[in-house]
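*Asks:* No letters, just coordinates:
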C-alpha cells in the first residue's frame, strides 16, 4: 500500500490551461504539505494544512489554490498555467505538529509548454 | 526567512572513501532532519536530531546536530554506490514549517 499517493505522476499542458493534482495519505497523519522542486532540485514549501485547516501559505501566487476536503486528502489546483510553473510538485504528510518528519509522495512532474 | 545552506553542492567520490556533508543556517531549529532522494522519487527520511550536540548513527552514516541547533553534518564512512543520491537537510520551525536545504548531490563511483 502506498502511504502518500499523488496523481497524476506526469502532466503536460499548454500555457493558460487549468490543472489539478490530487494527493491522498493513508497514514492517519494530521498535517499535509505541498512542495515545489525546481530544476536545481531546491524544495520550496508552498502550503501546509493541519486537519483541513490552512496553516502555511508561503507567498504563492493566488493562481494556486489548495483544497483539503478531509485530513487524508490535499489537492492542488492551478489556474492559468505559466511556463515558470513547470516543476515537480511533491505532496507530503507529517504525524506530528512541527516535528519535521515528512513522508513524501512520488511527485507530479508538471510541464507547461 | 530561514535558509539552510548545504556544502558541498556536488560530490563525486570513489567507492570506499569517506565524506562529510554540511548543513548551515543562521536560524535555530527545534529539530533537524536528513533525507535522501533518488531520481523520480520523493525524499525519504533518514534521521531526526533534536538535542544540541546530538549524534546519531545509522549503519555507515553519522549525523550530528550543532550545539546551538543551527547546523548539522552527515558523515558517510566507506561510501558505496547505493549511497548515490541527493541528500537534503531540513529544519523544523514554528507553525509546522519545514524548510529544506539547498541539497548535496552525491555520486559514488564503483
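*Replies:* Nice, I can see it. Predicted model, so just to flag it, every value in this text is computed and none were measured. Numbers count the residues shown, from 1 in each chain, chains lettered A, B, ... in the order given.
*Asks:* quick one, phi psi at residue A:85?
*Replies:* For residue A:85, the backbone dihedrals (degrees, to the nearest 10) come out as phi -80, psi -10.
*Asks:* For it, which residues are in contact?
*Replies:* Contact partners of residue A:85, counting by Cβ atoms under 8 Å, 6 or more residues apart in numbering or on different chains, are A:78, A:110, A:112. Placement of C-beta: from N, CA and C, glycine included.
*Asks:* contacting residues for residue A:71?
*Replies:* Contacts for residue A:71 were tallied using Cβ under 8 Å, 6+ apart; they are A:29-30, A:32, A:49, A:51-52.
*Asks:* Can you give me the neighbour number for the residue nearest to it when sequence neighbours are not counted?
*Replies:* Nearest residue to residue A:71 in three dimensions, chain neighbours excluded: residue A:51, at 4.9 Å (Cβ to Cβ, 6 or more residues apart in numbering or on different chains). Other residues within reach of residue A:51, judged by other Cβ atoms under 10 Å in any protein chain shown, total 12.
*Asks:* Quick one: list the elements packing against the helix or strand bottoming out on mean pLDDT in chain B.
*Replies:* Least confident helix or strand, chain B: strand B:98-100 with a mean of 91, by mean pLDDT, DSSP states H and E. Here strand B:98-100 is seen to pack against strand A:43-50, strand B:85-92 when contacts are counted using 3 or more Cβ pairs under 8 Å, 6 or more residues apart in numbering or on different chains; DSSP states H and E.
*Asks:* What lies in contact with it?
*Replies:* A:33, A:35, A:42-45, A:94, A:100, A:102, B:2-4, B:33, B:35, B:88-93.
*Asks:* make it 6 Å
*Replies:* Identification of contacts with strand B:98-100 by Cβ atoms under 6 Å, 6 or more residues apart in numbering or on different chains yields A:43, A:100, B:2, B:4, B:88, B:90-92.
*Asks:* How far does stretch A:101-113 sit from its chain's centre?
*Replies:* Here stretch A:101-113 shows a centroid-to-chain-centroid distance of 7 Å under the convention Cα atoms, centre = their mean, to the nearest Å.
*Asks:* Oh, that last question was meant for stretch A:53-72, not what I typed.
*Replies:* Stretch A:53-72 sits 9 Å away from the centroid of its parent chain (Cα atoms, centre = their mean).
*Asks:* which of the residues in it are buried?
*Replies:* Neighbour-count burial for stretch A:53-72, with 16 or more other Cβ atoms under 10 Å in any protein chain shown as criterion, is recorded at A:55-56, A:60, A:64, A:66, A:68, A:71-72.
*Asks:* mean confidence score for that stretch?
*Replies:* With pLDDT averaged residue by residue, stretch A:53-72 scores 90.
*Asks:* List only buried entries from the contacts of strand B:98-100.
*Replies:* Neighbour counting over these (16+ other Cβ under 10 Å) leaves A:43, A:100, B:4, B:88, B:90-92 as the buried ones.
*Asks:* Quick one: which of those residues has the lowest pLDDT value?
*Replies:* For those, the weakest pLDDT value sits at residue A:100, with 77.
*Asks:* Three-state assignment for that one, please.
*Replies:* When states are read from DSSP: H, G, I helix; E, B strand; the rest coil, the local structure at residue A:100 comes out as coil.
*Asks:* what sits against the spatially closest residue to residue B:61 that is not a sequence neighbour?
*Replies:* The spatial neighbour of residue B:61 that comes closest, neighbours along the chain excluded (Cβ to Cβ, 6+ apart), is residue B:76 at 5.6 Å. Residue B:76 makes contacts with B:19, B:60-61, B:83, as judged by Cβ under 6 Å, 6+ apart.
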